[in-house]
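1. coordinates only, no sequence provided:
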């Protein structure tokens with residue numbers, strides 16, 4: 001496991017990193033969970049930049065990612081990615097979730113960002129099984145870091161005890 005992968009429990013909106021990742025919806029207009037928290041804490045600048053993106057490309061597809069500034073957040077940027085809704089597990093959900101992490105890291109690398117923090121994408125109201133999501137997240141990030149030496153630190157920040165415990169076990 002790459003030593004640049006770190007684990008924390010807490011509120012992603014309080015992290016002082018180059019970028020935090022938002023588990024957004026395809027409209028990019030804010031919503032519940034981490035998405036709503038990031039939009040509330042970051043202020044209207046994030047929403048205005050999301051509107052510009054929507055006007056240019058019509059939202060963000062599942063598995064894709066876009067970037068805005070961090071607004072009032074301590075983080076300089078927010079990378080918005082749209083995780084998959086868990087259905088039967090037969091609609092490419094696992095690939096789409098891996099794409100969220102990969103595409104977010106690619107944007108971070110393109111912007112020469114050194115520190116990035118991920119929430120637990122798709123594990124809330126989108127219903128992705130938390131254990132499976134954690135395995136995909138760690139495997140995808142670890143593989144990306146093997147090929148990219150520029151990113152200095154990737155933090156998985158878990159809001160709840162269950163996700164934290166799952167990541168803690170997998171990262172040992």
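-> Noted; the coordinates are in hand. Quick caveat: nothing in here was measured; it's all calculated off a predicted structure.
2. for the residue nearest to residue 94 when sequence neighbours are not counted, pull up the helix or strand it's in.
-> Distances taken as Cβ to Cβ, 6 or more residues apart in numbering put residue 136 closest to residue 94, at 5.9 Å, once the chain neighbours are dropped. Quick note: C-beta positions are derived from backbone N, CA and C, even for glycine. If you go by DSSP states H and E, residue 136 is part of helix 130-147.
3. in that helix, what counts as buried?
-> Neighbour-count burial for helix 130-147, counted by 16 or more other Cβ atoms under 10 Å, picks out 130, 132, 133, 134, 136, 137, 138, 140, 141, 144, 145.
4. and the next element down the chain from it?
-> strand 153-158.
5. circling back: so the residue nearest to residue 94 touches residue 95, yeah?
-> No. With contact defined as Cβ atoms under 8 Å, residue 136 and residue 95 do not form a contacting pair (9.1 Å).
6. wait, what's in contact with residue 50?
-> 28, 29, 30, 66, 68, 80 (Cβ atoms under 8 Å, 6 or more residues apart in numbering).
7. neighbouring strands - and their directions - for the host helix or strand of the fourth one?
-> This means residue 66. Here residue 66 sits within strand 65-69, counting by DSSP H and E. Take DSSP bridges as the rule and strand 65-69 pairs in its sheet with strand 77-82 (antiparallel).
8. what mean pLDDT does the partner strand get?
-> Averaged across strand 77-82, pLDDT comes to 97.
9. neighbouring contacts of that strand?
-> So strand 77-82 is in contact with 18-26, 28, 38, 42, 46, 50, 60-71, 100-101, 103-104, 107-108, 111, 113, 116, 121, going by Cβ under 8 Å, 6+ apart.
10. check the gap between residue 103 and residue 141 for me.
-> Distance of residue 103 to residue 141, computed by Cβ to Cβ, to the nearest Å: 12 Å.
11. which ones are touching residue 128?
-> So residue 128 contacts 83, 84, 85, 86, 93, 97, 121, 122 (Cβ under 8 Å, 6+ apart).
12. list the residues that contact the fifth one.
-> What that stands for is residue 93. Here residue 93 is in contact with 84, 85, 86, 87, 122, 128 (criterion: Cβ under 8 Å, 6+ apart).
13. only the buried subset of those, as a ChimeraX command please.
-> In ChimeraX, this line selects whichever of those come out buried by 16+ other Cβ under 10 Å:
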select :84,86,122,128
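14. least confident of the contacts of residue 93?
-> Among the contacts of residue 93, pLDDT bottoms out at residue 87, giving 89.
15. skipping adjacent residues, who's closest to that residue in space?
-> residue 93 (6.6 Å).
16. with residue 129 instead?
-> In space, residue 129 is closest to residue 86, 6.7 Å off (Cβ to Cβ, 6+ apart).
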